[in-house]
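Engineer: Fold the following.
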Amino acid sequence: QVQLIESGGGLVQAGGSLRLSCAASGRTFSSYAMGWFRQAPGKERDLVAAVSWTGVNTYYADSVKGRFTISRDNAKNTVYLQMNSLKAEDTAVYYCAAGDSYRRVKLTPDYWGQGTQVTVSS
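Structural biologist: Here you go, the predicted structure:
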């Protein structure tokens, strides 16, 4: 069982930056691939970024490539999403997710956090 708690969301002006954190409980964090999803009002929840359990493999949605960076610190049981050059269209609830494989976390994660709101004002 893995519990995920996100933090770091908030209100920021367009062009600004935020760093989201996701703290995971459990001793097996390092064996899980991790991902960040987001859901805007009236839209589906979409994958933003993912990282393999080693941190070597990463994935980014086209809409965030070059602006967002996913990373993990297995010693701290934490995954991060550094978001730069934020745009109004990045406004959404951001969810942390964990999966028992890199492929699974991108498609059907096993665990979800409760979400954190990111609002970008234009």
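
Engineer: which residues does the most far-flung residue of the chain relative to its centre contact?
Structural biologist: With C-alpha atoms, centre = their mean as the measure, the chain has its most outlying C-alpha, relative to the mean C-alpha position, at Ser122: 22.4 Å. With contacts defined as C-beta atoms under 8 Å, 6 or more residues apart in numbering, Ser122 is in contact with 14, 87-88. To be clear about C-beta, it is placed using only N, CA and C from the backbone, and glycine gets the same treatment.

Engineer: Going by neighbour count, which residues of stretch 105-120 are buried?
Structural biologist: Judged by neighbour count (16 or more other C-beta atoms under 10 Å), stretch 105-120 contains these buried residues: 105-106, 109, 111-113, 115-116, 118, 120.

Engineer: From those, pick the one nearest Met83.
Structural biologist: Within the buried residues of stretch 105-120, distances to Met83 taken as C-beta to C-beta reach their minimum at Val118, with 7.4 Å.

Engineer: Out of the buried residues of stretch 105-120, which is nearest to Tyr60?
Structural biologist: Of the buried residues of stretch 105-120, the one sitting nearest to Tyr60 (C-beta to C-beta) turns out to be Lys106, at 11.1 Å.

Engineer: Any idea how far the helix or strand harbouring that closest one is from the middle of the chain?
Structural biologist: When elements are assigned from DSSP states H and E, Lys106 belongs to helix 102-107. A distance of 13 Å separates the centroid of the chain from that of helix 102-107, by C-alpha atoms, centre = their mean, to the nearest Å.

Engineer: Alpha carbons only: can I get it in CSV?
Structural biologist: As requested, C-alpha coordinates have been extracted for helix 102-107 and formatted as CSV (Å, rounded to 0.1, in the frame of the first residue of the first chain):
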residue,chain,number,x,y,z
TYR,A,102,6.8,2.6,-15.9
ARG,A,103,4.2,1.5,-18.4
ARG,A,104,1.4,1.0,-15.8
VAL,A,105,1.9,4.4,-14.2
LYS,A,106,1.3,6.1,-17.5
LEU,A,107,-1.9,4.2,-18.3
